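Visitor: Quick one, structure for this:
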Amino acid sequence: MSGVLGSLMPNPCTSDMPYPCNTTSINIVSLSLACSGIALLMAIFLTKKLQSYERGSDEMNKLCDKIKSGAKAFLVTEYKYLTMFVFLVFAVLIIIYTLDPPSNLLSLADNPDRLDGIRAGGCFIAGALLSAGAGWAGMSVATDANVRTTQAADKQGLSVALRVAFTGGAVMGFTVVGLGLAGLSFFLWLMTLNRSVGELGTGEATAAKSLIAAVDSLASFGFGASSIALFARVAGGIYTKAADVGADLVGKVEMDIPEDDPRNPAVIADNVGDNVGDVAGMGADLFESFVGSIIAAATLANGNAVKVALPFWIAGAGIVASMFGFYAVSTKDGANQRQLMMALHKGVISSSVLVLAFSAIIVSQFFPGDQAAEGWKIFACIAIGLIAGILIGQATEYYTSYSFWPTQSITEAGVTGPATVIIQGLGIGMMSCVPPVLIIVATILGCNALSGDYGVAMAAVGMLSTLGVTLATDAYGPIADNAGGIAEMAELEERVRETTDALDALGNTTAATGKGFAIGSAVLTSLSLLTAFKDKAQVVSADIGDPVVLSGVLFGAMLPFLFAALTMLSVQKAAGAIIIEVRRQFATIDGLREGTAEADSDRCVAISTQSSVEEMILPGVYAVLSPLIAGLLIGPKCLTGMLGGAIASGMMLAIMMANAGGAWDNSKKYIEIEGACGGKGTTTHKACVVGDTVGE
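Guide: Numbering: from 1, shown residues only. Have a look, this model is predicted:
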């Protein structure tokens, strides 16, 4: 116990000092609560604004309604499965933390707090519900924005279509940050009520340790969010990739019909997958990273009220900055890919500049007088995190946009067939790991030198502070993709499809950029949480030369590959079922190939839903159980090594797969939009379609 107390007690900010050191818990979360409310109001306002745009013809609305009903059916099925898991974990947390309250470690008095079980269980349920709610809200708006984007592309041109799609994505962004920050802020305040941790009586030590205990309870909030993110990402990913592969292989390769052709029975399932995987799944993923970064920083503050408050206030300031960034996004009709990308960059860069300005003001108020030097070092860490996020986005754009050499080289490799497309894409994906890794390494070393572990945690908070607008650029992509699908299925003029294709190609790049951003922020957040775990588990050192630690590192480095293998096998199984169904319909439905009969798209949606939900269980359960097995059977040192190995290898694998997939997709778009290598229908185009299928 003395080791724990020794690590927690140092606190230069004491309650007998003037504000902000003598602040209360409600003051700590005051700004974040207000800003989270503003974010939710912004989401409501943007939803109303989105509804002012026209929905188009009856046929377009029919297609939109099919996509929405398919997405809702999937999420309802997924959430039914997750409900059982959530309530099981809820019960386990209550039992464990009631019998052995973690606040006992902070108490010198003989009065165990049996309410810790209720606190942990309540926070877990709240994190899970808010994460699921954010995904549902984002999906609902995205499936409404797609048809309005198509109509805007038809009647009003590229600039308005971009604005409509980006507005739909922004609703997702502001919903995630609003619900995440509101939930964290409210539960931090709630967890400080009726706390009496420490020596009998009152004083700074008791107040500090009460705040530490309250922040520790928030770990369960993060666990709830992580649980939903894990299963939503896996199930949504299997759904969208399986449907996409099935639709492309039979439709474009075997039947030689255009992408999103209404004759293809898997097209609706493909468009549903964009929403459940790339909107709801990514939203839950970044919700977890967002709240996790704040929890990590607050935990590493060790009861210092100012340092606990800082990540909450920075996140709140980021919401306000993101609102300004949203209105900075605009373009002109006829814009090329670089100009479209710059339109989105304006939103991210302007919000980042504003966050820096707001952060400087907050730091100057939080760290007056003799503490100013420490405050400005923390501010530098926030700035480094913001800049790192932008640089990772730029590097990802370079490797995945067809405006640059890497993706163009994949297209050129298609001249000699699909095999060389795949080889070149793998090489580009592996090469793309270099810039993000160098950026993250520089960020970690720089922030650690400036302000230690807390500085690294604040870099993650800084990187994610503009999530409202950065998630909007990511969620925009599936909306644009759906818009193109609706244009093709509704048989609109070719100029409409050309407009939506331009937006879709941009969406492929922003999707890869969003994944790179998510990976970078997740690494920083995971590193901070690993440091917090070491403190709580009293792991003094994790020497890589220690056989126990090294064994954990090797085991952890293997886990992302096993996880990826399980999900890829699941995609193959689900895609195989869809391919068989699509082939069956083309063979048995008279007139389907000629376009005189209607495909049974509901059957493909049902296959994708059932397969993806069933296949998510094994990867999800193994990911949850692996740390428990290593920690309980071997010990915390092995678990520390396992987590470190998983973070390192997971980052490499994730960057390689995300960027290779985006580059393969855009190598195909380069042919279809720009007419490279002879344009559509050539052997080069078919080779790149195969590469795109592998990339999915």
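Visitor: Residue 490 contacts residue 66, correct?
Guide: No. Between residue 490 and residue 66 there is no contact under C-beta atoms under 8 Å: 11.8 Å. (Each C-beta comes from the backbone N, C-alpha and C, glycine too.)
Visitor: For the residue nearest to residue 219 when sequence neighbours are not counted, grab the count of nearby residues.
Guide: The spatially closest residue to residue 219, leaving aside those adjacent along the chain, is residue 295, at 6.4 Å (C-beta to C-beta, 6 or more residues apart in numbering). When counting by other C-beta atoms under 10 Å, one arrives at 28 neighbours for residue 295.
Visitor: Helix or strand: which one has residue 295?
Guide: helix 282-300 (DSSP states H and E).
Visitor: Following the chain onward from that helix, which element is next?
Guide: Going down the chain from helix 282-300, the next helix or strand is helix 305-327, by DSSP H and E.
Visitor: helices or strands next to that next one in the packing?
Guide: helix 25-28, helix 30-51, helix 158-191, helix 204-247, helix 282-300, helix 337-366, helix 434-464, helix 467-489 (3 or more C-beta pairs under 8 Å, 6 or more residues apart in numbering; DSSP states H and E).
Visitor: Could you dump these into a markdown table with mean pLDDT and distance to residue 85 added?
Guide: Compiled in a markdown table, the helices and strands packed on helix 305-327 are given as follows (pLDDT from 0 to 100; distance: least, C-beta to C-beta, whole Å):
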| stretch | mean pLDDT | distance to residue 85 |
| --- | --- | --- |
| helix 25-28 | 80 | 31 |
| helix 30-51 | 94 | 27 |
| helix 158-191 | 92 | 19 |
| helix 204-247 | 84 | 7 |
| helix 282-300 | 90 | 14 |
| helix 337-366 | 89 | 35 |
| helix 434-464 | 93 | 26 |
| helix 467-489 | 88 | 25 |
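Visitor: Relative to residue 274, which of those is closest?
Guide: Closest of the helices and strands packed on helix 305-327 to residue 274 is helix 467-489, at 3.8 Å (criterion: C-beta to C-beta).
Visitor: Hmm, residue 532 and residue 643 touching each other?
Guide: No. Contact criterion C-beta under 8 Å: residue 643 and residue 532 do not qualify, at 11.3 Å.
Visitor: between the two, which one's more packed in?
Guide: More crowded of residue 643 and residue 532, by other C-beta under 10 Å: residue 643, with 25 against 22.
Visitor: Now do the same contact list for that one.
Guide: Residue 643 makes contact with 526, 530, 533, 552, 556, 627 under the criterion C-beta atoms under 8 Å, 6 or more residues apart in numbering.
Visitor: Just give me the neighbour total for residue 618.
Guide: Neighbours of residue 618 under the rule other C-beta under 10 Å: 15.
Visitor: shift numbering so it begins at 6
Guide: Let's use 6 as the start, then, which means that last one is residue 623.
Visitor: Now it: which helix or strand?
Guide: Using DSSP H and E, residue 623 maps to helix 622-638.
Visitor: which intervals of this structure have sub-threshold pLDDT?
Guide: Across the chain, the ranges flagged by pLDDT under 70 are 6-28, 108-118, 200-211.
Visitor: Just give me the residue right at the centre of it.
Guide: By C-alpha atoms, centre = their mean, the chain has its centre lying nearest to residue 291, at 2.9 Å.
Visitor: Spatially nearest residue to residue 187, not counting backbone neighbours?
Guide: Leaving aside its chain neighbours, residue 187 sits nearest to residue 41 (3.7 Å; criterion: C-beta to C-beta, 6+ apart).
Visitor: Next one: that neighbour relative to residue 47, how far apart?
Guide: 10 Å (C-beta to C-beta, to the nearest Å).
Visitor: Neighbour count for these two, which is higher?
Guide: residue 41 (26 against 23).
Visitor: Can you name the residues that contact the more buried one?
Guide: 182, 183, 184, 185, 186, 187, 190, 321, 324 are the contacts of residue 41 under C-beta under 8 Å, 6+ apart.
Visitor: pretty sure the fourth one contacts residue 140?
Guide: No. Counting by C-beta under 8 Å, residue 185 sits too far from residue 140 to count as a contact (12.0 Å).
Visitor: Overlap in contacts, those two.
Guide: Residues within reach of residue 185 and of residue 140 at once, by C-beta under 8 Å, 6+ apart, are residue 292.
Visitor: count of residues packed around residue 556?
Guide: Neighbours of residue 556 (other C-beta under 10 Å): 17.
Visitor: Then residue 498?
Guide: Neighbour tally, residue 498, other C-beta under 10 Å: 10.
Visitor: Look up how far residue 60 lies from it.
Guide: According to C-beta to C-beta, residue 498 and residue 60 sit 18 Å apart.
Visitor: What of residue 581?
Guide: 36 Å.
Visitor: isn't residue 598 right up against residue 268?
Guide: Yes. Applying C-beta under 8 Å, one finds residue 598 in contact with residue 268, separated by 6.8 Å.
Visitor: So between those two, which is more surrounded?
Guide: Ranked by neighbour count (other C-beta under 10 Å), residue 598 and residue 268 place residue 268 first, with 22 against 14.
Visitor: what secondary structure does the more buried one sit in?
Guide: With DSSP: H, G, I helix; E, B strand; the rest coil as the basis, residue 268 sits in coil.
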